[in-house]
Each structure stands twice: as C-alpha cells, then as structure tokens.
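Asks: fold the stuff below for me.
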Amino acid sequence: MTYPELHRLYHQPFFQLIQQARAVHQERWPENEVQLCTLLSIKTGGCSEDCSYCAQSARYNSGVQAERLMEKGEIMERARAARDSGSTRFCMGAAWRGVRGGTERFEKVVDIVKDVSSLGMEVCVTLGALGPDEAQRLKEAGVTAYNHNIDTSPEHYTKIVSTHTFEDRLRTIRNVQDAGMSVCSGGILGLGETIEDRLKMLEILSEFNPPPESVPINSLMPMPGTPLAEVPQVDVFDLVRMIACTRIAIPGAKVRLSAGRTRLTREAQALCFFAGANSIFYGDKLLTAANPAIAADRALLAELNLAPQEPNPAMRSPEQDGERELSPAGFKGAGCGYG
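Replies: Okay, here's the model as predicted:
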C-alpha cells in the first residue's frame, strides 16, 4: 500500500479501522489460531553495532555481559523444551554485526540449525547482515525464515543507528529472499519516531516482493544504559492501530505481537488479537527482556478460544510478483533484541 493510502487508513475512526482489519483477518486467517514462537539468544552481548535501543551493544553500559556462542547441547535442550511446551517456531538470535561463511562461528550455527530443524519445528534465525552465499547455506541447513527488522522509516533510521544503513538492511533481506527463505521483518514502535515514520515503514514492508511471511510489531522496552532508556511508553491504541493497518496492508502475513507484551493487560492483548495479530513470542524471556509467563499465555489463549497453529517446517518462501528490484526509497519489488 502507498503512504497516502496508509495515512487515510490509519486516521479513520478507531472502531472503523479495527472492524475493517477484523474482516480482512477473518477472510485470510479463519482458523482462530495463533503461532507460538520461542526466541533464544544463542550469543548475547558484545555487539559492535550502536543501535540506540539495544542493551546488547558493547558501546553502552547496560549491564548485559558479553557471552560466547552457546554450546549446541544446551541449545538443543532449550529447543526440545520449547517444542514440548507448545512452540511451533524456534527462533535463535545472535548479537553479531553479521556472519561470513568459512568462519568458525558461522559453521557452528549451520551445524546447530541442522539439528534444530530435525525437531519438527519451524526454524528462524537472526544473525545480522547476511551475504548471498551465507543465505544459501542457511537455507540448505533448514532455516525456515530469517528475521531482519527494518525498525522504522528510512528517514528516522539514521537517528537510531550509525554503524550500518537502511540500505544494508534491505540488501540482507534481498539475499534472504533470493536464497528461497521466508522473511520475518517488522519494526519497533517507540524509537522517538512520528506516526508518519511508522506508516512509511509499513509502506516499505507492504511492498516487499515476495511479501514478508511474518511481521513483528514491537513496542520498545527501554533498557537502562541505552540512549533510549527514558523514552515514553507506546500508547496501546497506537499499537492496536498499527496492528490493524499491518493486517490490512499485508493480509497474508502473520502479524506478531512481539516485545512489550509484559506492559499490556489481558484486555489489551485481546484487542490486538481482534485487530489482526496472530503470532506471539512464547516463553519467559525475549533475549534480554522479560516476556509473559507460559502459563499466563496458555490461560489467555484458552479464554479467547485461540488454538496454537501447527508448525510448517517445509514452508516455502512466498512467490514473487513479477520482476524484483532493490529500491531503498520504497523497496518496491524487493523482497538483536526484537523480532
């Protein structure tokens, strides 16, 4: 959708917007299911990037200590526990600028992915910047989807990170799509951006070709020691509006209610599900941030008559529509702590 279309959509009366989003959701996702994802930080802290929201950056005194890559045995134990608790997607995040083929750490990750993919869950990784060869290796190892958020609008992006560019993010996404993996890409609300920035971000996401398989909508969890430690909390109605607009703009994507859920009441979460969210992170921790307890999530989903979605580890990347081209200004035809 274009920015003018999204602007008109977002600024219509609240109930009119969520009713429209609900209609789209019921048409495309009639099963009343929610995807349950578990996120594990397999390498925490010590990142060389300067993302203003991230406690894992080595540039900030956030209290997060740099750790080495977890051993495969421990990761497998956590993956099995996630599967046994009902998760259908296992997401692994590493606090790196990126990865290169032939390095010890990349080969270790490939080996880990192969074993995790044997458990019958969908496998998602977020490892930073990715080249075409590395993307192909991860696809062959069993990665279902690659998470690489664009965070905000291109105009606002330079205000939250200087160690890489918005175009760098798009380049990785293009490499992932060319390798045949699905893309999980969304944004973070609460970075000091305007509503216009949020809608420009959504415009770009909606024009990915092929479209993103899932779109995380995160609310910033301000971390002590980071430049954004004191920013105001995202208004819940702004969050619901963004979820509704995302559901309408990208109807075939899973819309993930991601970071920030600990600040939402049960009623607020129910409103988000009504407006089009159909995926959550499931487990007691999101990398370095807290997450609602598994028992609380199970109780809420049961009360709302929402069932866990079955895993689809053989998922194929969505088909592209015509020719693809990398266009950072609008990303037309192109196809850490949040995900």
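Asks: quick one, phi psi at Glu33?
Replies: Main-chain dihedrals, Glu33, degrees, to the nearest 10: phi -120, psi 150.
Asks: what pLDDT does the model give it?
Replies: We have a pLDDT of 95 for Glu33.
Asks: any idea how far Lys108 is from Val234?
Replies: 36 Å (CB to CB, to the nearest Å). Glycine gets a C-beta too; all of them are placed from N, C-alpha and C.
Asks: between the two, which has more neighbouring residues?
Replies: Val234 (20 against 16; other CB atoms under 10 Å).
Asks: my guess is that one contacts Leu220. True?
Replies: Yes. At 6.7 Å, Val234 counts as touching Leu220 under the criterion of CB atoms under 8 Å.
Asks: what sits in contact with each of those two?
Replies: 189-190, 260 (CB atoms under 8 Å, 6 or more residues apart in numbering).
Asks: and for Pro30, the neighbour number?
Replies: 8.
Asks: how confident was the prediction at it?
Replies: 94.
Asks: distance check, it against Val231.
Replies: 38 Å.
Asks: can you give me the helices in the stretch 1-150 of the chain?
Replies: 3-10, 14-28, 72-84, 104-117, 132-141 (DSSP state H, counting those that start in this stretch).
Asks: closest to Leu39 out of those?
Replies: helix 72-84 (9.3 Å; CB to CB).
Asks: just the buried positions in stretch 110-128, please.
Replies: 110, 112-113, 115-117, 119, 121-128 (16 or more other CB atoms under 10 Å).
Asks: farthest-apart pair in these, please.
Replies: Leu119 and Gly128 (24.3 Å).
Asks: of all the helices of the stretch 1-150 of the chain, which lies closest to Ala299?
Replies: So among the helices of the stretch 1-150 of the chain, helix 72-84 is nearest, using CB to CB, at 18.3 Å.
Asks: which helix or strand in this structure has the lowest average pLDDT?
Replies: Ranked by mean pLDDT, DSSP states H and E, the weakest helix or strand in the chain is strand 285-286, scoring a mean of 50.
Asks: just the shared contacts of Val234 and Leu220: which are in strands?
Replies: Leu189 (DSSP state E).
Asks: now render the shared contacts of Val234 and Leu220 as CSV, adding pLDDT.
Replies: As requested, the shared contacts of Val234 and Leu220 are arranged in CSV below (pLDDT from 0 to 100):
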residue, pLDDT
Leu189, 97
Gly190, 96
Gly260, 88
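Asks: separation between the spatially closest residue to Tyr53 that is not a sequence neighbour and His148?
Replies: Take Tyr53 and drop its neighbours on the chain: the residue closest to it by CB to CB, 6 or more residues apart in numbering is Leu228, 5.0 Å away. To His148, Leu228 is 20 Å away according to CB to CB.
Asks: can you pull out the strands in the chain?
Replies: Under DSSP E, the chain gives strands at 33-43, 89-94, 122-126, 145-147, 182-184, 187-189, 214-219, 254-257, 279-281, 285-286, 289-290, 307-308.
Asks: can you list these in TSV and add distance to Ser206?
Replies: Shown next, in TSV, are the strands of the chain (distance: least, CB to CB, whole Å):
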stretch	distance to Ser206
strand 33-43	20
strand 89-94	22
strand 122-126	21
strand 145-147	18
strand 182-184	13
strand 187-189	12
strand 214-219	9
strand 254-257	12
strand 279-281	17
strand 285-286	25
strand 289-290	27
strand 307-308	27
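Asks: so which of these comes closest to Leu205?
Replies: Closest among these, using CB to CB: strand 214-219, at 6.1 Å.
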